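Peer 1: here is my input; please provide its structure:
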Amino acid sequence: MKQFIDRIAYSIFGILILTLIEGIATLGSAFHFNEYTWVGYTIQSMVLFIAVWSANKIYDTDQAKK
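Peer 2: Sure thing, here's the model as predicted:
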């Protein structure tokens, strides 16, 4: 159960980092979701997937070192 919670925590941290980077890089315009088209939603979902996937890969690497 601890590993599951740790994995969720890493995922949330990855999403927070992504939010920070997107906010800074686009000066906040990335958060105007009502202006998105289907392409914007598709790209945003892919970037979100990559952020969570990367966070879980980092978690796996940290666990392998122990």
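
Peer 1: helices and strands around the strand or helix carrying Val39, which ones?
Peer 2: If you go by DSSP states H and E, Val39 is part of helix 38-65. Using 3 or more C-beta pairs under 8 Å, 6 or more residues apart in numbering; DSSP states H and E, the elements in contact with helix 38-65 are helix 2-25. C-beta coordinates here come from the backbone N, C-alpha and C atoms, glycine included.

Peer 1: now do the buried residues in the helix it packs on.
Peer 2: Arg7, Tyr10, Ser11, Gly14, Leu18, Glu22 (16 or more other C-beta atoms under 10 Å).

Peer 1: what's the neighbour count on the residue nearest to the first one when sequence neighbours are not counted?
Peer 2: Spelled out, it's Arg7. Nearest residue to Arg7, sequence neighbours excluded (C-beta to C-beta, 6 or more residues apart in numbering): Tyr59, at 5.6 Å. Residues lying near Tyr59 (other C-beta atoms under 10 Å) number 19.

Peer 1: next, the contact list for Tyr59, please.
Peer 2: Asp6, Arg7, Tyr10 (C-beta atoms under 8 Å, 6 or more residues apart in numbering).
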